[in-house]
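Q: for reference, the sequence and a predicted model appear below.
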Amino acid sequence: MPKHSETRQLPYSPEQMFDMVADVARYAEFLPWVTAIRVRSNSDTEMVADMIVGFKGLRETFTSKVQKQRPDHIRVDYIDGPLKYLHNDWTFRPDGKGGCLVDFRVDFAFKSRVFEMLAGQVFDRALRKMIGAFEERAAVLYASSSEAGAPGISNSSAHSAA
């Protein structure tokens, strides 16, 4: 059951990062392997969405509930799809320098042992690619309003595959 937690210091405000992560409808524009998003319902505090993911001929749909606590926390809970469970948390904290600290945690398990073994082999690489896509998206959206420079100023991470 892959688990990962990480903190990144970014030169954008917590509100900017919250808005970008909460904009699930646009994930297909920048996240690798996401081919489509269907938003079933959306309010200021909660969203239910289907994310269609495709990779080398495989195509899966993940349905999740996204709880939004503006401006500092987003929690994603898995509803349906090929997983046993998925819990994902984003926390956005001011860094005291005009940017923010983004805490990211994910914990999930596949229903299928075959998928679990495959995921374990590529988990770190895939996760780095997806986190990088969020950082690149923030740079595209907010770099002109930032004075602190490139994203990913510092990185502290811990990973375990249990």
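A: Sure, I can see it. Numbering: from 1, shown residues only.
Q: any buried residues in stretch 69-88, and which?
A: Neighbour-count burial for stretch 69-88 flags Pro71, Asp72, His73, Ile74, Arg75, Val76, Tyr78, Gly81, Leu83, Leu86, Asn88 (criterion: 16 or more other CB atoms under 10 Å). Every C-beta, even on glycine, is put in place using the N, C-alpha and C of the backbone.
Q: does Val66 fall in a helix, a strand, or a coil region?
A: Following DSSP: H, G, I helix; E, B strand; the rest coil, Val66 is assigned to strand.
Q: wait, Tyr78 touches Val66, no?
A: No: the pair Tyr78 / Val66 is not scored as a contact, 10.8 Å apart, by CB atoms under 8 Å.
Q: what do those two both touch?
A: Listed as contacting both Tyr78 and Val66 by CB atoms under 8 Å, 6 or more residues apart in numbering is no residue at all.
Q: flag the shaky bits of this protein, pLDDT-wise.
A: 1, 119-121, 145-162 (pLDDT under 70).
Q: just the helices in it please.
A: Along the chain, the segments classed as helices by DSSP state H run 14-22, 113-142.
Q: report the distance from stretch 18-25 to the chain centre.
A: Mean C-alpha position of stretch 18-25 versus that of the full chain (CA atoms, centre = their mean, to the nearest Å) differs by 9 Å.
Q: all strands for this structure, in order.
A: 2-10, 34-42, 46-55, 58-69, 73-80, 83-94, 100-110, 154-161 (DSSP state E).
Q: surely Asn88 meets Val76?
A: Yes: counting by CB under 8 Å, Asn88 does reach Val76; the two are 3.9 Å apart.
Q: quick one: Pro14 and Gly98 touch, right?
A: No: here Pro14 does not reach Gly98: they are 10.7 Å apart, not a contact under CB under 8 Å.
Q: which of those two has more residues huddled nearby?
A: Pro14 (21 against 12; other CB atoms under 10 Å).
Q: state the distance from the residue nearest to the more buried one when sequence neighbours are not counted to Arg70.
A: Once flanking residues are discounted, Pro14 sits nearest to Phe92: 3.7 Å by CB to CB, 6 or more residues apart in numbering. Separation of Phe92 from Arg70 (CB to CB, to the nearest Å) stands at 10 Å.
Q: just Asn88 next, same as before
A: Asn88 is 17 Å from Arg70, by CB to CB.
Q: same question, Leu86
A: 22 Å.
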